[in-house]
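> 3D, please:
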Amino acid sequence: MIAYNICFIRQEDRVLLLNRNKPSWMGAWNGIGGKVEPGETPRESMLREMREETGLVPVRLDFKGLVTWVVDDKKVGGMYVYAAELSEETSYPTPIGTEEGILDWKELAWILHPENRGVAYNIPKSIEKILYDDRCYEHICVYQNGELLQHESVPIEPDIEWVTDPAELAAFLMNRKKELSCSFIKENAT
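The predicted structure is shown next:
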């Protein structure tokens with residue numbers, strides 16, 4: 001089941017990121033987010049997490065898809081992905097120390113820099129689609145021994161945000177895991 005959410009809050013060409021104090025991704029810059037609590041929709045959970053972690057309430061919150069992962073050929077998980085935008089006029093000075101970590105604005109060019117090792121590994125591969133593409137994607141990540149081996153962004157229907165049946169979500173994720181594992185094996189068989 002998809003138990004987490006993440007949001008990338010943009011203001012012009014910069015993104016509000018959190019340098020996390022706790023696992024997972026402790027010490028790395030990542031989006032704002034957390035766990036979907038029982039009885040919450042993914043959207044309600046994202047709005048709550050944004051209020052708790054930043055104090056911000058966005059005028060607009062866009063569902064952008066899913067980030068899913070397979071770790072060491074076993075663990076399957078995922079997050080609902082959202083994008084929010086703040087107007088130029090909204091003042092949100094940083095850095096800000098919080099219980100979760102340090103909030104700070106980062107320029108998109110800094111996030112995307114090929115030598116930047118300070119952000120969660122999959123973000124440079126997906127952030128532009130999340131921020132600027134109107135479509136929804138599943139950003140599929142395969143990790144082995146803590147390293148990102150493969151990343152693929154596949155268009156999906158936005159209705160997946162409202163799928164509440166855990167069995168349906170689990171089937172969706174397991175099918176993707178099988179498809180991705182097969183394609184990865186074929187690519188590396190040569």
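
> Sheet partners, orientation included, of the helix or strand where Val81 lies?
Secondary structure from DSSP states H and E places Val81 in strand 75-85. Taking DSSP bridges as the criterion, strand 75-85 forms sheet pairs with strand 4-11 (parallel), strand 61-71 (antiparallel).

> Asn116 is nearest to which of these?
strand 4-11 (15.6 Å; CB to CB). From N, CA and C alone the C-beta is placed, and that goes for glycine too.

> following the closest one, which helix or strand comes up?
strand 14-20.

> Strands along this structure, start to end?
4-11, 14-20, 29-30, 32-35, 61-71, 75-85, 96-97, 101-107, 136-144, 147-156 (DSSP state E).

> list the helices and strands the third one packs on?
Under the contact definition 3 or more CB pairs under 8 Å, 6 or more residues apart in numbering; DSSP states H and E, strand 29-30 sits against strand 14-20.

> Residues in contact with the strand it packs on: which ones?
8-10, 26-32, 53-54, 92, 94, 98, 100-108, 111, 118-119, 127, 131 (CB atoms under 8 Å, 6 or more residues apart in numbering).

> picking up where we left off before, any chance of the strands of the chain in a markdown table, with mean neighbour count too?
Output for the strands of the chain, formatted as a markdown table (neighbours: other CB atoms under 10 Å):
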| stretch | mean neighbour count |
| --- | --- |
| strand 4-11 | 23 |
| strand 14-20 | 22 |
| strand 29-30 | 20 |
| strand 32-35 | 20 |
| strand 61-71 | 21 |
| strand 75-85 | 21 |
| strand 96-97 | 13 |
| strand 101-107 | 17 |
| strand 136-144 | 20 |
| strand 147-156 | 15 |
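
> Of all those strands, which one is nearest Ile123?
strand 29-30 (6.9 Å).

> Any idea how far that closest one is from the middle of the chain?
Centre-to-centre, strand 29-30 and its host chain are 10 Å apart (CA atoms, centre = their mean, to the nearest Å).
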